[in-house]
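>>> Model the structure of this input:
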Amino acid sequence: MPDENEDDKTEPEKTDETLGSVRQAETILQLVLALPAGCFVGLAIGYFLDRHFHTKWMAITLMLLGGVGGFIQIFRYLSKSNKAGEE
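Below is the predicted model of the structure:
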């Protein structure tokens, strides 16, 4: 019986470690996908606007704006993370 109680004490620690790893992986994935996702969304919207208005510059412009938005998202997250790390 004492062995069962010891296992119960170590099990939550493993769960906390696993949860921390999942959070860290999610954070890294968000940072990795921020820039390409912004570019892709801008390109897709620009492509459809170009087809609708018969222009050729909106896709490139909106793709660049999406990239800038991705960089801003990354910068904000890293700034917030840095402030939280200092406290």
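
>>> Helices of the chain, start to end?
Counting by DSSP state H, the chain has helices at residues 2-53, 58-86.

>>> need the least confident one among these, by mean pLDDT.
Among these, helix 2-53 carries the lowest mean pLDDT, at a mean of 81.

>>> That one packs against which elements?
helix 58-86 (3 or more Cβ pairs under 8 Å, 6 or more residues apart in numbering; DSSP states H and E). (Glycine included, C-beta is placed from N, CA and C.)

>>> How about the helix it packs on, which residues are buried there?
For helix 58-86, the neighbour count (16 or more other Cβ atoms under 10 Å) marks Met58, Ala59, Leu62, Met63, Leu65, Gly66, Gly67, Gly69, Gly70, Gln73, Ile74 as buried.

>>> What helices and strands are in contact with it?
Judged by 3+ Cβ pairs under 8 Å, 6+ apart, the packing partners of helix 58-86 are helix 2-53.

>>> most centrally placed residue in this protein?
Centroid-nearest residue in the chain: Gln30, 1.4 Å away (criterion: Cα atoms, centre = their mean).

>>> For Thr27, see how far away the closest residue to that residue other than its chain neighbours is.
Spatial nearest neighbour of Gln30, chain neighbours left out: Tyr77 (7.3 Å); criterion: Cβ to Cβ, 6 or more residues apart in numbering. Distance of Tyr77 to Thr27, given as Cβ to Cβ, to the nearest Å: 8 Å.
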